[in-house]
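Peer 1: Sequence below, structure please.
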Amino acid sequence: MSLRNIAIIAHVDHGKTTLVDQMLAQSGIFRANEAHQERAMDSNDQERERGITILAKATSVLWHGAAGETRINIIDTPGHADFGGEVERILGMVDGCLLLVDAEEGVMPQTKFVLGKALKLGLKPIVVLNKVDRPHADPDRVLNEAFDLFAAIGANDEQLDFPHLYASGKQGWAVVDEADERKDLGPLFDKIVEHIPAPAAESRADQPAQLLAVLIEADPFLGRLLTGRVESGKLVPGMPIRALSRDGDEIERGRITKILAFRGLKRQPIDEALAGDIVAIAGLSKATVADTIGSMDAEGALPSQPIDPPTIAITVSVNDSPLAGREGDKVQSRVIRERLLREAEANVAIKVAETSEKDAYEVSGRGELQLGVLIESMRREGFEVSISRPRVVYQTDPETGARLEPIEEVVVDVDEDYSGIVIEKLSARKAELKDMGPSGTGKTRVTFEAPSRSLIGYQGEFLTDTRGSGVLNRVFSHYEPYKGAIEGRRNGTLISNSDGETASFALWNLEDRGTMFVGAGEKTYQGMIIGENSRPDDLDVNPMKAKQLTNVRASGKDEAIRLTPPRRLTLEQAIAYIDTDELVEVTPKSIRLRKQVLNPTYRKRKVKEDA
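Peer 2: Residues are numbered from 1 along each chain as shown. Model prediction:
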């Protein structure tokens, strides 16, 4: 049986996971009467809720085609730029990639990002023009865009001569020529077997066994599971092994207790793993991502792919608000630290460092969404934490000593009527307009280069300006010299001046002051942000003030108070909304905004000292 290892890469929402669903179904993974979920590879709760892939996952299918029986190992990768670290580390396990491009949207920023990484490793690409059944699809234009992209990012002649197919992942068909009969994904499977080479590791089958770990997870029964491709030799259960760091230093020794292979949606124990196959092994307790697992006679560590540095950081600290400890059971700094370090070990794109403050840790990642997913996971596990406003990670120019900041490529698709306000807002945030043109169906595509810090908190404003019809995509591009101060949030906040429960009468009177974040009967405390002021300054207010009862009848006395529904912020919206002197209090049941210094007297004193 021959073997092929491929990754499916694409921009977010271009149909990777849906296509994998159809590949699994048509290869006979599911029994005829077996019920299976849509987007089967998105097994994580947050992936299903958000409709995006967050973690890279492996599966495999058996294909009986013109070339005989072939096992195809498939790795489904995230499409969002914030999870690019997942893509970078798994590309070393595969020999080719399917690049999915939406036949209507065309080439997008993340397409460029992941393709650049794949071509740099010398992977052989197959371009799949997906969603060609959409009414406004233009596959010929998109194919030309894809070719231009390959040429722009330095593809060699062999990579430029890529095969392409037309497909509909949703309907489950792929064709080499648009005029061909549209019945199944057979042409796609045959093209993979024909164009993607067999693993080069198969030629090293008689050498000492080695595997490079690229994914790590904890199993309640087997302990630590390390996933990677067998680069040489053969692994069998019970075999003595040792783990080496990137520098070749020995980390630990042990025995393989179990080898698991990916068979459809399940992992099955196997008796041996041969060179070229992608497997998970159990038996080690200290080895982690980028370590080399090998037999006792294997020498030297395998080279691992470098991971791009983080661009955004937040401070995660112990929740010290007056309502701390009422909703979560994991509140101690020691427990928070262990959880963050465990995440950094499994996710190489996240870095955790201790700060000078007591009980606070700096967590760095690729973007607000990636950090938001981490905090949301912790929240669901019962943690209570306080989160600071995101800030960019600066670098220093080694030659001039100047401060450099991360710049992102921003591609905006908006209705023509709203392009002016978007250009105006982003230009005020130090963004540079690079390109502008029609993108079909009455929409305009505008490309900018903008500092990462100018985009923090802009997503909500962007959706408001475009009446919810705009789409903003961004991906890290490069570092440039610091561009100077950027105007932040224009509105101040309404801050509670005492502890207690909010009263309808008080909130009704405060509605003229601005937008409320809380409803009636909710617990608040001094220093908690209960709303957004309509003016630029912060205002301390009393949301607990009840209506004075008298024995004098008056017209209108018994009228019911009707409150405007409060504006509830999601976790990502709250993290993006707060200013530098504010925090987000995150518990399993609540998301609250608060000032870092709760007491108004101390807060004013601190402002004077900082000034």
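Peer 1: From here on, just use CA atoms for contacts and neighbour counts.
Peer 2: OK.
Peer 1: So, low pLDDT: which residues of the stretch 1-150 of the chain?
Peer 2: Residue ranges of the stretch 1-150 of the chain with pLDDT under 70: 28-44, 47-54, 79-82, 84.
Peer 1: Ok, the stretch 501-611 of the chain next?
Peer 2: Residues of the stretch 501-611 of the chain that meet the cut-off, pLDDT under 70, sit at 550-559, 611.
Peer 1: Quick one: the strands in it, in order.
Peer 2: Counting by DSSP state E, counting those that start in this stretch, one finds strands in the stretch 501-611 of the chain at the ranges 514-516, 523-524, 528-533, 539-541, 582-586, 591-595.
Peer 1: possible to save the ones you listed as TSV with distance to residue 417?
Peer 2: Shown next, in TSV, are these (distance: least, Cα to Cα, whole Å):
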stretch	distance to residue 417
strand 514-516	27
strand 523-524	42
strand 528-533	28
strand 539-541	36
strand 582-586	35
strand 591-595	35
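Peer 1: mind putting those strands in a markdown table, mean neighbour count and distance to residue 178 included?
Peer 2: Below are the strands of the stretch 501-611 of the chain laid out as a markdown table (neighbours: other Cα atoms under 10 Å; distance: least, Cα to Cα, whole Å):
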| stretch | mean neighbour count | distance to residue 178 |
| --- | --- | --- |
| strand 514-516 | 19 | 54 |
| strand 523-524 | 19 | 62 |
| strand 528-533 | 25 | 54 |
| strand 539-541 | 18 | 63 |
| strand 582-586 | 26 | 52 |
| strand 591-595 | 22 | 51 |
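Peer 1: Indicate which one of the ones you listed is closest to residue 76.
Peer 2: strand 582-586 (31.1 Å; Cα to Cα).
Peer 1: Next, the angle strand 591-595 makes with that closest one.
Peer 2: If you take axes from the mean of the first three to the mean of the last three Cα atoms, to 10 degrees, strand 582-586 sits at 150 degrees to strand 591-595.
Peer 1: Looking at stretch 284-299 now, give me its mean pLDDT.
Peer 2: Averaging pLDDT along stretch 284-299 yields 86.
Peer 1: what's near enough to touch residue 402?
Peer 2: Contact analysis of residue 402 by Cα atoms under 8 Å, 6 or more residues apart in numbering lists 396, 481, 482.
Peer 1: just those residues now: which is nearest residue 255?
Peer 2: Distance to residue 255 across the contacts of residue 402 (Cα to Cα) is lowest for residue 396, with 44.9 Å.
Peer 1: my guess is the closest one contacts residue 479, does it?
Peer 2: No: Residue 396 is beyond contact range of residue 479, at 9.8 Å (criterion: Cα atoms under 8 Å).
Peer 1: of all the strands of the stretch 501-611 of the chain, which lies closest to residue 376?
Peer 2: Of the strands of the stretch 501-611 of the chain, the one closest to residue 376 (Cα to Cα) turns out to be strand 582-586, at 8.6 Å.
Peer 1: ok, back up a step: what do residue 396 and residue 479 both touch?
Peer 2: Contacts common to residue 396 and residue 479, judged by Cα under 8 Å, 6+ apart, are residue 404.
Peer 1: what's the burial count for the closest residue to residue 22 other than its chain neighbours?
Peer 2: Distances taken as Cα to Cα, 6 or more residues apart in numbering place residue 172 nearest to residue 22, at 5.6 Å, with adjacent residues excluded. Neighbours of residue 172 under the rule other Cα atoms under 10 Å: 20.
Peer 1: circling back: which one's more surrounded, residue 396 and residue 479?
Peer 2: residue 479 (19 against 13).
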